[in-house]
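J.: Here is a sequence together with a model predicted from it:
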Number of protein chains: 2
Amino acid sequence: MAATKDPRPCSIADTLAVVGEKYSLLVLREVCLGNRRFDQLVRNIGAPRDILATRLRRLVDAGILTKRAYSERPQRFEYRPTQAGLELEPVLMTLMAWGDRHLHRHDDRPMVVEHSCGHELAPVVTCRACGDTVRHEDLTARPQAEGWTVAGPTAA
Amino acid sequence: MAATKDPRPCSIADTLAVVGEKYSLLVLREVCLGNRRFDQLVRNIGAPRDILATRLRRLVDAGILTKRAYSERPQRFEYRPTQAGLELEPVLMTLMAWGDRHLHRHDDRPMVVEHSCGHELAPVVTCRACGDTVRHEDLTARPQAEGWTVAGPTAA
DNA sequence: CTCCGAGAGTTGGAAATTCAAACCCTCCCC
DNA sequence: GGGGAGGGTTTGAATTTCCAACTCTCGGAG
């Protein structure tokens, strides 16, 4: 999963290098839902057990999950999201919203998330400074490293 | 990339089935930045050419990109995001924000995005209904299919 | 004491993907 | 007619994934 050539330096790529492998974000989904045990994860995610074990190790190493024993004798472990892991939940919600909109009929969504405000959660990405919904036309990227440019939007 | 066993039905998984393969979201990053040509994508993403060709086909098939000739004789093509593709940009921004926060020093971010409001973009995921920032403790998931439950938060 | 099952992985080998480099084709230009 | 540029495809070798079976530790039932 190492970057091959000399690609654009970018936090999107860096983040995906940590959580972009197959199943990683689904592991995070499950632990955020409160499912913390290996066998639950295997069942709910549908991943091969060995791959799941590899992903869990990686996520723990990356500081996104913690592993702790919930029972000595017999030793049994559970995985929980760290603060950093919880901060990825908005990514999951945004992915879910896209899938709900583009991959399902509105009346046939696989899962509904309720917000404590009493309404169903419809996540919207906004600009912290002005509060407006983030739209492509309002964005301008500025690479910080030399040699890297963007082609300018010129409309989609 | 097909779901193996009988995993939890979920739009996160469905979305990742479309854009979750290695490089797919980086392709989207580049086309959103305005880089539309095959060789640019190869260079900026650092993906093998054959893999990139496969990903582009898939993203076009999924309705996330369009492929169009920008020159006949010699035939030359470019890729652009569709509306559905642009609607994934908030996912990219949210991933970027996480990477900026957790993988870099604040003064050494690889890329800065400016919002048209005049400030640097700091994307925040909010609830459309109440406008509040989405936080883990405020969410409750309700699976729509039978047999699928969540374990309840019981705090992280 | 023995057998059974749960939980949490590990192992081995076959199947699928990825990678890198080289190759191809169509033009344009000198 | 030789050299790019642009946009891929081909070819093996190197990695990963997948699946089933296996392991190991206990707790409890009979």
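T.: Cool, got the structure. Numbering: from 1, shown residues only, chains lettered A, B, ... in the order given.

J.: what about chain A, any weak spots by pLDDT?
T.: Across chain A, the stretches falling below the confidence threshold (pLDDT under 70) are A:1-5, A:153-156.

J.: the helices in it, which residues?
T.: In chain A, the helices defined using DSSP state H lie at A:11-19, A:24-33, A:38-45, A:49-61, A:83-86, A:89-103.

J.: highest average neighbour count across those helices?
T.: Among the helices of chain A, judged by mean count of other C-beta atoms under 10 Å in any protein chain shown, the one packed with the most neighbours on average is helix A:24-33 (a mean of 25). No exception for glycine: its C-beta is placed from N, CA and C like everyone else's.

J.: Keeping just the C-alphas, turn that helix into CSV.
T.: The C-alpha atoms that make up helix A:24-33 are tabulated as CSV, following Å, rounded to 0.1, in the frame of the first residue of the first chain:
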residue,chain,number,x,y,z
SER,A,24,-11.0,-1.0,7.3
LEU,A,25,-13.8,1.5,7.3
LEU,A,26,-16.3,-1.3,7.8
VAL,A,27,-14.5,-2.3,10.9
LEU,A,28,-14.8,1.2,12.1
ARG,A,29,-18.5,1.2,11.3
GLU,A,30,-19.0,-1.8,13.4
VAL,A,31,-17.0,-0.7,16.4
CYS,A,32,-18.8,2.7,16.2
LEU,A,33,-22.1,0.7,16.3
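
J.: Residues touching that helix, excluding its own?
T.: Applying C-beta atoms under 8 Å, 6 or more residues apart in numbering or on different chains, the set of residues contacting helix A:24-33 from outside is A:18-19, A:40-41, A:44-45, A:47, A:52, A:55-56, A:58-59, A:64-65, A:79-81, A:85-86, A:88-89, A:91-92, A:95, B:7-8, B:10, B:12-13, B:16, B:20, B:136, B:141, B:150-151.

J.: Return only those of those residues found close to DNA strand D.
T.: Among the contacts of helix A:24-33, the residues that sit close to DNA strand D (C-beta under 7 Å from any atom of the strand) are A:A47.

J.: how many other residues sit next to the residue in chain A positioned nearest to DNA strand D?
T.: Of all residues in chain A, A:P74 sits closest to DNA strand D, with a separation of 3.4 Å (C-beta to the nearest atom of the strand). The number of residues packed near A:P74 is 6, by other C-beta atoms under 10 Å in any protein chain shown.

J.: How much space separates it from B:V150?
T.: Applying C-beta to C-beta, to the nearest Å, the value for A:P74 to B:V150 is 26 Å.

J.: Now tabulate the helices of chain A in TSV and tack on distance to A:E114.
T.: TSV is the format used below for the helices of chain A (distance: least, C-beta to C-beta, whole Å):
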stretch	distance to A:E114
helix A:11-19	25
helix A:24-33	13
helix A:38-45	20
helix A:49-61	26
helix A:83-86	18
helix A:89-103	12
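
J.: Good, wrapping up.
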